[in-house]
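**Q** Pasting a predicted model and its sequence here:
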Amino acid sequence: MVLFMKNIRNRYLFLLFFGLLLNLNYLVEGAELNPFNLTDPLIGKKAPSLETESWFNSSPLNLENLKGNVVIIEFFQLWCPGCNNFSIPLMTKWRDKSFSSEDDIKFISIHTVFEGHEYQTNERLESFIKEKGITHPVAVDKHIEGRHTPVTMTKYRTRGTPCIAIIDKEGIVRFKYFGRFKTGPVENFIRELLKES
C-alpha cells in the first residue's frame, strides 16, 4: 500500500511539474507575440511604410532605413485629450528616461489629423512640439483629397488617437494598441525586443 501511494504521489508531482512547464512555455510564447496577446491583423506582419507630407525635428524617415532598431510609432492629434494625457508624456518618458541609454531604439510621432483640419494646422503643430518639448521626429500624415482618414493612419488601422505601434528590428509589427494601456508590461516587452539581434 505504501509503495502504491508513493507511485501515485510521484505521478502527481510529475504531472504537476510537467503542467507548470507547459504553462511557462505558453507564457513565454505569448510574450514573443505581444504583452497583451493582442490579435490585431497587423501584428506579425511587415510594418506598412510611412506616407507623410512633412517632418519636424528630422529629415524624412523611412522604415527600411531604420531596420536594426526597435521603432516606436505614436499616432496622435494635438487636440486629443488621450494623447496629451497619456501617449505624448509616455513617449517623452520612454525617450528621456526608460530607454535613454539604448542606441537601437527610435521614436516617431505621426500627426494623424482626421478631424478639425482647420484648427490642427502645421503652424499650430510646430508650436505644440516646442511647447511639449518633443525632440524626436514628428511627421504629418499624408492626406488625399476626398478621404476622411490620412494614408498612414489607414494603413495601420489605428481607429483613432492615441495609438502606439512597436516595430521590431526586422521591420515586423509586434504591438499595436489604440488608447491607454498598462505601461509596465509594454516596457518589459520593448526590453525583450531590444535584446533580439
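**A** That came through fine.
**Q** In the chain, mark out all the helices, start to finish.
**A** 2-33, 81-82, 88-93, 122-132, 151-156, 183-195 (DSSP state H).
**Q** Mind giving me the packing neighbours of the fifth one?
**A** Pointing back at helix 151-156 there. When contacts are defined as 3 or more Cβ pairs under 8 Å, 6 or more residues apart in numbering; DSSP states H and E, helix 151-156 packs onto strand 70-76, strand 138-141. For the C-beta atoms, the positions are set from N, CA and C on the backbone; glycine is no exception.
**Q** Most tightly packed of those strands?
**A** strand 70-76 (a mean of 25; mean count of other Cβ atoms under 10 Å).
**Q** what packs against it?
**A** Using 3+ Cβ pairs under 8 Å, 6+ apart: strand 70-76 touches helix 88-93, strand 105-111, helix 151-156, strand 163-167, helix 183-195.
**Q** Name every strand pairing with that strand and say which way it goes.
**A** Sheet pairing for strand 70-76, assigned by DSSP bridges, gives strand 105-111 (parallel), strand 163-167 (antiparallel).
**Q** rewinding a little: with mean pLDDT and distance to residue 118 added, can I get the helices and strands packed on helix 151-156 in JSON lines?
**A** Formatted as JSON lines, those follow (pLDDT from 0 to 100; distance: least, Cβ to Cβ, whole Å):
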{"stretch": "strand 70-76", "mean pLDDT": "98", "distance to residue 118": "18"}
{"stretch": "strand 138-141", "mean pLDDT": "98", "distance to residue 118": "15"}
